[in-house]
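1. Take a look and give me a structure for this.
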Amino acid sequence: MAGTGKTIPDRDQSEIGLTARRFLTQPSTFVILVDDLEHDRAQAIEGVFARYRLALDTMLGPHKHRASVHFLVHMLEAYYFADAQAINAVLGTELRDYEGDVERIAHPKRELKKLVAGFDEIGHGRQIVARLDVTRVLSIPDRCASLRTLFGWGSAALGHRPSDQYQLIKGRYHEVTKPQIDALHLEDGGPNHEPSRFPPRPDAPARREISP
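-> Reported below is the predicted structural model:
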């Protein structure tokens, strides 16, 4: 940042970088930062991605490849339309799966409110997400590139080889976020290598195990 001597803003350091570091003090962990990419910000995706990546790269150093940035395009609600059965079960509609790429729907939340005046993005959304079949959403190779890249990165981070599930072999990936998958393979001995981690701070509270 010009004139300040800082690489990243204090807010990004605290909310993005330090938060990621805390997660990585735990064994065998990765961090995924997910943001809604509204239609109004679509043209700025490279800048938004660069901002998040800079915060992670600066604060995580050699562990930076253990964190990734991905986008829901254009917002989570877009993916509902790729599995209409989930919408119908909750809202009582009779929709069919969207015929094109749902990541091209400009205002998916607005479309849902047109269909059902009382659509509640939290209450109804939680029920729809619980029914959403991600395999169905990602079943067509040339659609949902951004969401596929998220799942592709997660799969690679866990050491899984690409498979036909989610069309990870033949499917299209997002050109902005895909390089993170390539970096994951190159760093730290490859995806099958046991992840290294930050040592916990001496003053860090004891970790609690929470039973499901």
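
2. make it CA atoms for all contacts and neighbour counts henceforth
-> Fine.

3. buried sites along the longest helix along the chain?
-> With DSSP state H setting the assignment, residue counts place helix 45-60 as the longest helix in the chain. Neighbour counts over helix 45-60 (16 or more other CA atoms under 10 Å) mark 48, 49, 52, 53, 54, 55, 56, 57, 59, 60 as buried.

4. Same question for stretch 174-183.
-> The neighbour-count check on stretch 174-183 (16+ other CA under 10 Å) flags 174, 177, 178, 180, 181, 183 as buried.

5. Present these as a markdown table; the columns should include secondary structure and distance to residue 135.
-> Converted to a markdown table, the buried residues of stretch 174-183 look like this (DSSP: H, G, I helix; E, B strand; the rest coil; distance: CA to CA, whole Å):
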| residue | secondary structure | distance to residue 135 |
| --- | --- | --- |
| 174 | coil | 18 |
| 177 | coil | 20 |
| 178 | coil | 19 |
| 180 | helix | 22 |
| 181 | helix | 20 |
| 183 | helix | 25 |
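
6. the strands in the protein, which residues?
-> For the chain, the strands defined by DSSP state E cover 31-37, 67-73.

7. With just CA atoms, put the last one into PDB.
-> What it means is strand 67-73. Provided in PDB are the C-alpha atoms of strand 67-73 (Å, rounded to 0.1, in the frame of the first residue of the first chain):
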ATOM      1  CA  ALA A  67      -5.500 -22.000   1.100                       C
ATOM      2  CA  SER A  68      -7.600 -21.100  -1.900                       C
ATOM      3  CA  VAL A  69     -10.200 -18.600  -3.100                       C
ATOM      4  CA  HIS A  70     -13.300 -19.400  -5.000                       C
ATOM      5  CA  PHE A  71     -16.500 -17.700  -6.200                       C
ATOM      6  CA  LEU A  72     -20.200 -18.600  -6.300                       C
ATOM      7  CA  VAL A  73     -21.400 -17.100  -9.600                       C
END
